[in-house]
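I'd like to go over a predicted model; first the sequence, then the structure.
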Amino acid sequence: MRMNADTQAADEHVELAVEVFSMLADRTRVKILLALRDGEQSVGDLAAAVHKPTPGVSQHLAKLRLARMVVARHEGTRVYYRLADDHASELVSVAMHQAEHMLGTAAEHILVTDRATNDRA
């Protein structure tokens with residue numbers, strides 16, 4: 001049985017989405033992404049922010065860079081990292097918001113889909 005191009009493309013997207021979630025399935029990487037929402041930081045600053053040794057943070061940053069979630073900039077012997085775009089930040093924000101809901105600490109809000117349903121009623 002032969003897959004059509006749309007199904008194959010959808011499967012590739014699912015596979016890449018799984019890779020994104022696997023990058024976010026690590027406490028240190030999530031903390032790094034949260035710290036980078038404040039802007040570009042050196043490896044040493046990030047290590048201090050996430051309370052982990054610099055070599056370990058550097059390894060996590062390498063994985064995030066390979067996943068195209070962060071980009072590096074070299075200045076002399078120092079390397080500075082920043083978020084590649086807003087997507088990783090948005091994913092982490094949504095996950096943190098979900099965690100708040102699970103803990104019962106989220107602020108009350110109306111979902112866009114709920115608001116649209118209520119407006120029609």
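Noted; the coordinates are in hand. Note that the structure is predicted; figures quoted are calculated from it, not measured. Residues are numbered from 1 along each chain as shown.

Report the separation between the residue nearest the centre of the chain and Asp11.
Among the residues of the chain, the one closest to the centroid is Ala88, at 3.1 Å (CA atoms, centre = their mean). From Ala88 over to Asp11 the distance is 23 Å, taken as CB to CB, to the nearest Å. All C-beta spots, glycine's among them, are computed from the backbone N, C-alpha and C.

now do Lys63
Using CB to CB, we find Lys63 at a distance of 23 Å from Asp11.

do the same with Thr54
Distance from Thr54 to Asp11, counting by CB to CB: 39 Å.

of the two, who's got more company?
A side-by-side neighbour count of Thr54 and Asp11, using other CB atoms under 10 Å, places Thr54 first with 14 against 11.

Ala9 versus that one, what's the distance?
Thr54 is 40 Å from Ala9, by CB to CB.

One more: Asp85?
Relative to Ala9, Asp85 is positioned 21 Å away (CB to CB).

Same question for Ala67.
Per CB to CB, Ala67 is found 20 Å from Ala9.

So between these two, which is more surrounded?
Neighbours were counted for Ala67 and for Ala9 using other CB under 10 Å; Ala67 has more, 17 against 11.

right, and the more buried one touches Glu19 too?
Yes - in this structure, Ala67 is within contact of Glu19 by CB atoms under 8 Å, at 6.6 Å.

I'd say Gly56 and Asp26 touch.
No - with contact defined as CB under 8 Å, Gly56 does not count as touching Asp26 (10.9 Å).

Can you give me the neighbour number for the residue lying closest to Asp26 once chain neighbours are set aside?
Counting by CB to CB, 6 or more residues apart in numbering, His60 is the residue found nearest to Asp26 once chain neighbours are left out, at 7.0 Å. Number of residues near His60 (other CB under 10 Å) recorded here: 24.
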